[in-house]
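> sequence first, then the predicted structure:
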Amino acid sequence: MPIQYVATTNLTLLAQYYELRNRIYLRHYPHLPEDFGHEEATDHVSDIVVGYDGCVVAGGRITISHPMRPQPMPMEEAGFSLIEAVPQFELDTEPYAEFSRLAVDPSYAHGRRCSFALIEELVHTVTSQGVDLAFSICPEPMVRHNSANARWCGVGFHTFAEIDIPTPFRIRFTLCAYTGLMSSQATRLSA
């Protein structure tokens, strides 16, 4: 059976996702606190999408801000402001999201099919809530992967390497924007 991707509130699946992201983030960033990736306050105001194959093998978090219900994005934890950093997107008048805490079990990472499908489900989840724009931050090697994922999903992808974003990861992260999410979903549905 192929991996099933779904937005979930199931406590068992959420616990498996938190354990997976903790393991993956500490594997790549061993200097982080031992509990990094465990359940966070932001998880409670976000949607969680998981890939399930007998257990959770992939997952990501979606945080959405609406003009009438502004919500700080996870990347804004250290005083960074998306509204100030990218005024061209008029974020004070349009809903937007952040994809964060993405994690894929290494045994499912080969060929990136799992990450493609995870991004596709994240896009589907945000567009079902009327959101056409999503941001993420990632280290330079992942920018190429995210660009390929965006092309595979049929969405625009933009990077803002000139913008400095404070993170706990001790390496430079690049701000990325996925655009045209709703039109990509409409195209997929009509195909």
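That came through, no problem.

> which elements pack onto the longest helix that the chain contains?
Assignment by DSSP state H gives helix 11-28 as the longest helix of the chain. Of the remaining helices and strands, those touching helix 11-28 by 3 or more CB pairs under 8 Å, 6 or more residues apart in numbering; DSSP states H and E are strand 47-52, strand 56-65, strand 96-104. All C-beta spots, glycine's among them, are computed from the backbone N, C-alpha and C.

> can you give me the pLDDT of the residue most central in space within the chain?
Central residue of the chain (CA atoms, centre = their mean): Phe99, 2.0 Å from the mean position. At Phe99, the model reports a pLDDT of 97.

> so who does it touch?
Neighbour list for Phe99: 60-62, 119, 122, 134-136, 178 [criterion: CB atoms under 8 Å, 6 or more residues apart in numbering].

> now do Phe160
Counting by CB under 8 Å, 6+ apart, Phe160 makes contact with 85-86, 174-177.

> against Cys138, how distant is it?
From Phe160 across to Cys138, the span is 12 Å (CB to CB, to the nearest Å).

> how far away is Ile165 from Phe173?
Distance, Ile165 to Phe173, using CB to CB: 6 Å.

> sorry, back to before: ok, the contacts of Phe160 vs Val56, which is closest?
For those, the closest approach to Val56 (CB to CB) belongs to Cys176, at 24.2 Å.

> which element, helix or strand, includes the closest one?
Applying DSSP states H and E as the criterion places Cys176 in strand 173-179.

> parallel or antiparallel, which strands does that strand pair with?
Applying DSSP bridges to the sheet, strand 173-179 is found paired with strand 133-139 (antiparallel), strand 156-160 (antiparallel).
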